[in-house]
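*Asks:* Any chance you could fold what I've pasted below:
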Amino acid sequence: WRVEFGGISTPGLADRDGMLYIARLLQTPNLPVDVLDLWVLAHPGDSEQIAALKRADQLDMPVPTSGREGRRRIERHIRDLKGDIDASEQEPGNPEKKAIADEARLALAKLGKLTKERRSHQNTQRKGTLDCVKKAIDLARTQIAEFNKPLADHLSSPTIKTGYNCVYHPPDPAPQWVVILP
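*Replies:* As a prediction, this is how the structure comes out:
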């Protein structure tokens, strides 16, 4: 990699994953990039696994567990189940209502367990990817600092934020970048 910033040329930077991630962020200032999309840039062999993880995040389960709409659907589903339970308590001698209430209680228990398990598994995978991308970007910044401290300072937080969505927030006016891949 060769980078110029502040009149200082930084030739011969090692081809690291973090450099690729930084280059991608510089190409799309102020636009969040999903950490999974960054990961695939450096690990194209993982693209099917990453696509599956992203699909799982958006999966239209009977009761989806992600996002505001997912929470609303879960809350509605829970209210419906609790309504079934309340209706059965108003008619304690009705075996049909009792059976519905028993099914509702079981569904509530399963819903809580499935939601926690699914979130836990997906969060573990995303967290692992996030940690790897963050470390790669930190290593690239450290490498850049050896040759060009002003550029390394420019690329630190809050200019480049890492998280489940990574973003480059340039100062105003934004520097013009020419990104040449090795």
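
*Asks:* Which helix or strand in this protein has the lowest average pLDDT?
*Replies:* Lowest mean confidence among the helices and strands of the chain (mean pLDDT, DSSP states H and E): helix 47-58, at a mean of 64.

*Asks:* mind showing which ranges of this protein have poor pLDDT?
*Replies:* For the chain, residues meeting the criterion pLDDT under 70 lie at 49-75, 77-78, 81, 104-123, 178-182.

*Asks:* quick one: the strands in it?
*Replies:* Ranges of strands within the chain are 3-5, 8-10, 33-34, 160-161, 165-168, based on DSSP state E.

*Asks:* and Phe147, which of these is closest to it?
*Replies:* strand 8-10 (4.2 Å; CB to CB). Quick note: C-beta positions are derived from backbone N, CA and C, even for glycine.

*Asks:* list the contacts for Phe5?
*Replies:* Asn148, Pro150, Leu151, His154, Pro175 (CB atoms under 8 Å, 6 or more residues apart in numbering).

*Asks:* nope, Leu38 is what I meant
*Replies:* Neighbour list for Leu38: Tyr21, Arg24, Leu25, Val133, Cys166 [criterion: CB under 8 Å, 6+ apart].

*Asks:* Let me see the contact set for the fourth one.
*Replies:* Listed by CB under 8 Å, 6+ apart, the contact set of Val133 reads Asp17, Tyr21, Val35, Leu38, Trp39, Thr162, Cys166.

*Asks:* Grab the nearest non-local neighbour of Lys134.
*Replies:* The shortest distance from Lys134 to any non-neighbouring residue, by CB to CB, 6 or more residues apart in numbering, is to Thr162 (4.5 Å).

*Asks:* Let's have the contacts of Leu38 in a markdown table, adding distance to Gln143.
*Replies:* Output for these, formatted as a markdown table (distance: CB to CB, whole Å):
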| residue | distance to Gln143 |
| --- | --- |
| Tyr21 | 13 |
| Arg24 | 17 |
| Leu25 | 16 |
| Val133 | 16 |
| Cys166 | 18 |
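
*Asks:* Let's see which of these end up in helices.
*Replies:* Among these, the members falling in helices (DSSP state H) are Tyr21, Arg24, Leu25, Val133.

*Asks:* count of neighbours near the second one?
*Replies:* A count of nearby residues for Arg24, using other CB atoms under 10 Å, gives 17.

*Asks:* wait, doesn't it sit right on Asp34?
*Replies:* No. Using CB atoms under 8 Å, Arg24 is not in contact with Asp34; the gap is 11.1 Å.

*Asks:* picking up where we left off before, got TSV for the strands of the chain, with distance to Arg141 too?
*Replies:* Below are these laid out as TSV (distance: least, CB to CB, whole Å):
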stretch	distance to Arg141
strand 3-5	12
strand 8-10	12
strand 33-34	17
strand 160-161	8
strand 165-168	12
